[in-house]
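> No sequence on hand, only this structure:
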């Protein structure tokens with residue numbers, strides 16, 4: 001079961017949508033896959049085909065006008081970069097059905113996930129990821145009247161707090177670990193470099209009037225037995241307790257580079273290393289969006305356009321977009337510096353604090369290990385369903401371990417999805433519906 005495309009785009013956030021539409025308009029046969037039910041990614045969740053966000057609706061219109069094949073609900077599980085002399089292959093899966101998609105060019109727009117750091121009580125019911133709680137709320141979770149503390153670091157905190165408050169939640173406090181001086185310096189740079197982003201932040205601030213904002217402060221622990229009752233926050237000296245029903249916590253974002261690493265792409269300081277045309281170290285494979293630097297939708301969109309134009313051979317057109325891309329890359333580097341994690345966070349876990357939630361491995365069991373490999377051998381850390389996506393970044397920060405090396409499959413799948421023969425180049429293309437019917 002093989003389908004061939006000039007360009008395969010993985011990830012339907014802003015960068016993926018921009019890449020798919022731009023490549024199709026350049027005359028390429030394009031397929032866009034994403035594991036969500038509709039395109040749009042986290043930032044435009046459920047909006048691209050409904051027209052709720054004008055930019056998402058416009059990219060969607062352009063894709064449909066140029067017959068981009070959109071496969072929502074499909075996940076990439078592993079890849080072969082050289083099944084033929086001129087093409088690579090990606091195996092994708094949807095509820096037990098799988099297909100092999102052959103490509104001449106591949107755009108990885110796989111986005112990012114929240115970074116979680118362990119502290120006493122972080123596994124208590126009522127403690128959720130900041131972005132996770134926002135996603136639940138957008139999907140219908142009722143938060144009206146609930147007391148919520150939003151904590152961690154990064155610009156996502158303000159957005160989450162503002163959206164939750166608009167939905168009726170009572171925001172008890174916003175707790176940001178970055179020092180005020182660090183935030184002020186970055187805000188001053190935004191006045192001249194990215195005034196639109198500063199205005200966006202100010203708009204969130206207006207929506208959060210009278211909500212206590214604590215900079216240079218972080219969560220030290222929680223209280224409660226069957227459910228969260230309160231959180232303790234500290235600035236390193238003074239501590240205070242805040243009663244709350246929910247804690248939304250996240251420590252900025254971690255790029256999803258697992259698929260890229262399986263393909264063989266070079267990762268540098270946590271991000272995909274790309275050239276001026278967004279090409280990775282693997283020929284014909286491009287990286288766009290958060291995988292090259294956490295910088296928001298504007299950066300993702302312009303990188304998606306550059307990658308698509310380069311893949312289509314329109315390098316002169318792509319070059320005209322370099323100044324805009326470089327401006328947003330400077331913004332991404334500024335974000336990383338402004339919200340760098342403080343060393344005090346390494347001292348938060350107690351000996352019995354769980355670090356690997358999948359396998360219930362505690363800080364006390366891990367702090368005597370010297371590497372990720374040793375921790376896996378002795379404790380099963382990182383061997384659960386999340387495959388190190390949660391505990392991997394945490395252990396890298398806490399213990400200085402090199403991040404785990406991804407192994408296929410990227411996501412848990414049925415064994416048959418791994419052992420079936422890889423489709424050959426001469427197999428005829430089939431639609432998604434035909435493939436599903438054949439598999440059943």
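On my side now, so go ahead. It should be emphasised that the depicted structure is a prediction, and the values quoted were computed from it without experimental measurement.
> how close does the nearest residue to residue 379 once chain neighbours are set aside get to residue 412?
Sequence neighbours aside, residue 361 is the residue nearest to residue 379 in space, at 4.6 Å (criterion: C-beta to C-beta, 6 or more residues apart in numbering). Bear in mind the C-beta positions are built from the backbone N, C-alpha and C, glycine included. Taking C-beta to C-beta, to the nearest Å as the criterion, residue 361 is separated from residue 412 by 19 Å.
> In terms of neighbours, single out the busier of these two.
Counted by other C-beta atoms under 10 Å, residue 361 and residue 412 do not tie: residue 361 has more neighbours, with 24 against 13.
> quick one on the thing from earlier: if I pick the residue nearest to residue 379, what's in contact with it?
The neighbourhood of residue 361, defined by C-beta atoms under 8 Å, 6 or more residues apart in numbering, consists of 354-355, 375, 379-381, 391.
> Likewise for residue 108?
Residue 108 makes contact with 10-11, 259-260, 265, 272, 280, 285-288, 291 under the criterion C-beta under 8 Å, 6+ apart.
> and if you look at residue 285?
81, 88, 105-106, 108, 260, 263, 265, 279.
> swap the cut-off to 7 Å and go again
Taking C-beta atoms under 7 Å, 6 or more residues apart in numbering as the definition of contact, the neighbours of residue 285 are 106, 108, 263, 265, 279.
> May I ask you to confirm that the third one is in contact with residue 283?
Looking back up the chat, that one is residue 263. No: distance between residue 263 and residue 283: 10.8 Å, which falls outside the contact criterion (C-beta atoms under 7 Å).
> The two: which is more packed in?
Just comparing residue 263 and residue 283: by other C-beta under 10 Å the higher neighbour count belongs to residue 263, 21 against 10.
> so how far is residue 293 from that one?
Looking at residue 263 against residue 293, where the rule is C-beta to C-beta, the gap reads 19 Å.
> mind listing the helices in the stretch 301-440 of the chain by residue range?
Secondary structure of the stretch 301-440 of the chain by DSSP state H, counting those that start in this stretch: the helices cover 315-319, 322-338, 363-366, 372-379, 391-399, 416-419, 432-439.
> which one of the ones you listed lies closest to residue 5?
Each of the helices of the stretch 301-440 of the chain has some distance to residue 5 by C-beta to C-beta; the shortest is helix 432-439, at 12.3 Å.
> on that earlier part again, any idea how far the residue nearest to residue 379 is from residue 399?
Counting by C-beta to C-beta, the gap between residue 361 and residue 399 amounts to 12 Å.
> Go through the helix or strand where residue 181 lies and flag the buried ones.
Here residue 181 is covered by helix 180-193, with elements defined by DSSP states H and E. Within helix 180-193, the residues that qualify as buried are 182, 186, 189-190, counting by 16 or more other C-beta atoms under 10 Å.
> Strands of the stretch 1-150 of the chain, start to end?
Per DSSP state E, counting those that start in this stretch, the stretch 1-150 of the chain has strands spanning 2-10, 30-34, 69-72, 75-80, 88-94, 97-108, 112-114, 127-129, 147-153. These are given in chain order.
> Could you export those as TSV, including mean pLDDT?
Formatted as TSV, the entries for those read as follows, by pLDDT from 0 to 100:
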stretch	mean pLDDT
strand 2-10	92
strand 30-34	96
strand 69-72	94
strand 75-80	84
strand 88-94	90
strand 97-108	93
strand 112-114	94
strand 127-129	96
strand 147-153	98
